[in-house]
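Participant: Provide a 3D model corresponding to the input given below.
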Amino acid sequence: MATVSIDADIKAKWPQGQCSYSPGSPEELAIIGIDLLVKELGTQSARAFIEQVFEKYPADHLGAQALERE
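Facilitator: This is a model prediction of the structure:
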């Protein structure tokens with residue numbers, strides 16, 4: 001089974017402050033991205049943006065890990 005690992009150092013700055021992140025997995029990277037998106041756009045606009053991604057996949061999409069197990 002293939003595992004994706006991420007080696008990244010993310011520094012986000014905005015007028016109210018700054019944050020540093022070091023995600024190690026796609027899940028951690030997604031949470032960081034969503035958190036920054038909500039801070040930038042607000043909850044409703046971020047939700048609408050994220051829904052665009054889900055529109056690309058069927059509701060029962062299993063993902064790469066599930067497909068590798070078959």
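Participant: C-alpha from now on. contacts and neighbour counts both.
Facilitator: Fine.
Participant: which stretch of helix or strand covers the one residue sitting closest to the centre of the chain?
Facilitator: Residue closest to the mean C-alpha point of the chain, counted by C-alpha atoms, centre = their mean, is residue 30 at 1.7 Å. Here residue 30 sits within helix 26-41, counting by DSSP states H and E.
Participant: What segments of this structure are strands?
Facilitator: Counting by DSSP state E, one finds strands in the chain at the ranges 10-14, 17-21.
Participant: With mean pLDDT and distance to residue 52 added, can I get the ones you listed in CSV?
Facilitator: Shown next, in CSV, are those (pLDDT from 0 to 100; distance: least, C-alpha to C-alpha, whole Å):
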stretch, mean pLDDT, distance to residue 52
strand 10-14, 90, 24
strand 17-21, 91, 25
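Participant: Need those in a markdown table (columns: mean neighbour count and distance to residue 58).
Facilitator: Formatted as a markdown table, those follow (neighbours: other C-alpha atoms under 10 Å; distance: least, C-alpha to C-alpha, whole Å):
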| stretch | mean neighbour count | distance to residue 58 |
| --- | --- | --- |
| strand 10-14 | 11 | 31 |
| strand 17-21 | 10 | 31 |
